[in-house]
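1. sharing a model that was predicted from the sequence below.
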Amino acid sequence: MLVTSIDPLVALGVVLATAVTDAAYVFFNAAVGARQRVRAANWSAIWYLLSAFAVISYTQNALYVLFAALGSWIGAFASVTWLKHRADGGPIRHP
């Protein structure tokens, strides 16, 4: 498999899907930790749907796993940063 066989739009889709997937995973765990059943169930469903896109994409070409890893890192970093900022009393508010 050649690097040139990578579709840039699919690669971007994998990065975005895994970034949001990891964010959903972080928020799922936060909801579970807070014992919020409905929020945890909602985040779990979102997490599953988003991960399906990434898995389907990178099973067609193993190189997409690298884009999945990048998206995963971005999603976890950004969502934990957001949760920490919110916990520290930052201007980000969640209804």
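-> Here it is on my side, so go on.
2. quick one: distance of the helix or strand bottoming out on mean pLDDT in the chain to the chain centre.
-> Within the chain, confidence by mean pLDDT, DSSP states H and E is lowest for helix 37-60 among all helices and strands, at a mean of 80. Computed by CA atoms, centre = their mean, to the nearest Å, the separation of helix 37-60 from the middle of its chain amounts to 8 Å.
3. need the residues that contact that helix.
-> Helix 37-60 is contacted by residues 10, 13-14, 17-18, 20-21, 24-25, 27-28, 31-32, 64-65, 67-68, 71 when judged by CB atoms under 8 Å, 6 or more residues apart in numbering. The C-beta positions use only the backbone N, C-alpha and C, and glycine is treated the same way.
4. same thing but 10 Å
-> Applying CB atoms under 10 Å, 6 or more residues apart in numbering, the contact partners of helix 37-60 are 5, 7, 10-11, 13-34, 36, 64-69, 71-72, 75.
5. C-terminal to that helix, what's the next element?
-> Elements were assigned by DSSP states H and E; along the chain past helix 37-60, the next helix or strand is helix 64-87.
6. what's the angle from that following helix to helix 37-60?
-> Relative orientation of helix 64-87 and helix 37-60, computed by axes from the mean of the first three to the mean of the last three CA atoms, to 10 degrees: 160 degrees.
7. got the buried residues for helix 64-87?
-> Neighbour counts over helix 64-87 (16 or more other CB atoms under 10 Å) mark 64-65, 67-68, 71-72, 74-76, 79, 82-83 as buried.
8. tabulate those (a markdown table), appending pLDDT and distance to I46.
-> Output for the buried residues of helix 64-87, formatted as a markdown table (pLDDT from 0 to 100; distance: CB to CB, whole Å):
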| residue | pLDDT | distance to I46 |
| --- | --- | --- |
| Y64 | 77 | 21 |
| V65 | 79 | 22 |
| F67 | 82 | 20 |
| A68 | 79 | 17 |
| G71 | 84 | 15 |
| S72 | 82 | 15 |
| I74 | 88 | 17 |
| G75 | 84 | 12 |
| A76 | 83 | 15 |
| S79 | 85 | 12 |
| W82 | 84 | 16 |
| L83 | 82 | 16 |
